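In: take this sequence and fold it.
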Amino acid sequence: MVDLLHKAVYAFTTGAVADALAARNGPGPGRRHAALRPGRHAGVGPLPRRDAYGR
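Out: Purely as a prediction, here's the structure:
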């Protein structure tokens, strides 16, 4: 039971830290790429490097 509690605390803390790190600089390259054409589409290539990492 104690092991389960420790793993739950570890998982919650790891998720909270990951969320905080992901939200600190706005949308990343994956979200900018997804905004080009919402939904699943074949043939959508990668963003140009200048657009992928912000300006």
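
In: next, the contact list for the residue most central in space within the chain, please.
Out: Central residue of the chain (CA atoms, centre = their mean): residue 22, 5.8 Å from the mean position. Shown in contact with residue 22 (CB atoms under 8 Å, 6 or more residues apart in numbering): residue 28. Placement of C-beta: from N, CA and C, glycine included.

In: tell me which element it falls in.
Out: helix 2-23 (DSSP states H and E).

In: and if you look at residue 31?
Out: Element membership for residue 31 (DSSP H and E) is helix 29-36.

In: which positions in that helix come out as buried?
Out: For helix 29-36, a neighbour-count test (16 or more other CB atoms under 10 Å) marks residue 33 as buried.

In: and for stretch 1-12?
Out: Buried, per 16+ other CB under 10 Å, within stretch 1-12: nothing.

In: pull the CA atoms of it into PDB?
Out: What follows is stretch 1-12, C-alpha atoms only, in PDB (Å, rounded to 0.1, in the frame of the first residue of the first chain):
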ATOM      1  CA  MET A   1       0.000   0.000   0.000                       C
ATOM      2  CA  VAL A   2       2.800   2.400   0.900                       C
ATOM      3  CA  ASP A   3       4.500   1.600  -2.500                       C
ATOM      4  CA  LEU A   4       1.300   2.500  -4.300                       C
ATOM      5  CA  LEU A   5       1.100   5.800  -2.500                       C
ATOM      6  CA  HIS A   6       4.700   6.700  -3.300                       C
ATOM      7  CA  LYS A   7       4.200   5.900  -7.000                       C
ATOM      8  CA  ALA A   8       1.000   8.000  -7.100                       C
ATOM      9  CA  VAL A   9       2.800  11.000  -5.500                       C
ATOM     10  CA  TYR A  10       5.700  10.600  -7.900                       C
ATOM     11  CA  ALA A  11       3.400  10.300 -10.900                       C
ATOM     12  CA  PHE A  12       1.400  13.400  -9.900                       C
END
